[in-house]
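*Asks:* Structure here, sequence nowhere to be found:
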């Protein structure tokens with residue numbers, strides 16, 4: 001997670017990084033952290049106009065409840 005934090009700190013619009021971090025958090029059963037990462041990722045996707053990534057993260061967020 002430290003690598004993801006460094007990556008996203010230096011590249012806040014690297015939308016895929018949020019999604020990969022959220023997947024890692026979900027696998028570690030850190031659901032609330034995963035949801036927060038997805039919300040940040042959705043905001044990044046909106047900023048960059050990445051509708052595909054936004055859709056994938058919204059779907060994962062819905063699955064997590």
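*Replies:* Right, received. Where do you want to start? Predicted model, so just to flag it, every value in this text is computed and none were measured.
*Asks:* Give me the contact list for the helix or strand where residue 52 lies.
*Replies:* If you go by DSSP states H and E, residue 52 is part of helix 51-64. For helix 51-64, contacts defined as C-beta atoms under 8 Å, 6 or more residues apart in numbering pick out 15-16, 18-19, 22-23, 26, 31, 34-35, 38-39, 41-42, 45-46. Backbone N, C-alpha and C define where each C-beta goes, glycine included.
*Asks:* Pull the most distant pair out of those residues.
*Replies:* 31 and 46 (22.7 Å; C-beta to C-beta).
*Asks:* Distance check, the spatially closest residue to residue 34 that is not a sequence neighbour against residue 51.
*Replies:* Using C-beta to C-beta, 6 or more residues apart in numbering and skipping the chain neighbours, the partner closest in space to residue 34 is residue 25 (3.8 Å). As judged by C-beta to C-beta, to the nearest Å, residue 25 and residue 51 stand 23 Å apart.
*Asks:* I'd like to know which of the contacts of helix 51-64 are buried.
*Replies:* For the contacts of helix 51-64, a neighbour count by 16 or more other C-beta atoms under 10 Å gives the buried set as 15, 18, 19, 22, 26, 34, 35, 38, 41, 42, 45.
*Asks:* what number of residues lie near residue 48?
*Replies:* Neighbours of residue 48 under the rule other C-beta atoms under 10 Å: 14.
*Asks:* More neighbours: which of residue 25 and residue 51?
*Replies:* residue 25 (21 against 10).
*Asks:* Next, the angle from the longest helix anywhere in the chain to helix 51-64.
*Replies:* In the chain, assigned by DSSP state H, the helix with the most residues is helix 31-48. Computed with axes from the mean of the first three to the mean of the last three C-alpha atoms, to 10 degrees, the direction of helix 31-48 lies at 160 degrees from that of helix 51-64.
*Asks:* any idea which helix or strand carries residue 16?
*Replies:* In this structure, residue 16 sits in helix 15-27 according to DSSP H and E.
*Asks:* can you give me the angle that helix makes with helix 31-48?
*Replies:* 170 degrees.
*Asks:* which helices and strands does helix 15-27 pack with?
*Replies:* Secondary-structure packing of helix 15-27 (3 or more C-beta pairs under 8 Å, 6 or more residues apart in numbering; DSSP states H and E): helix 2-10, helix 31-48, helix 51-64.
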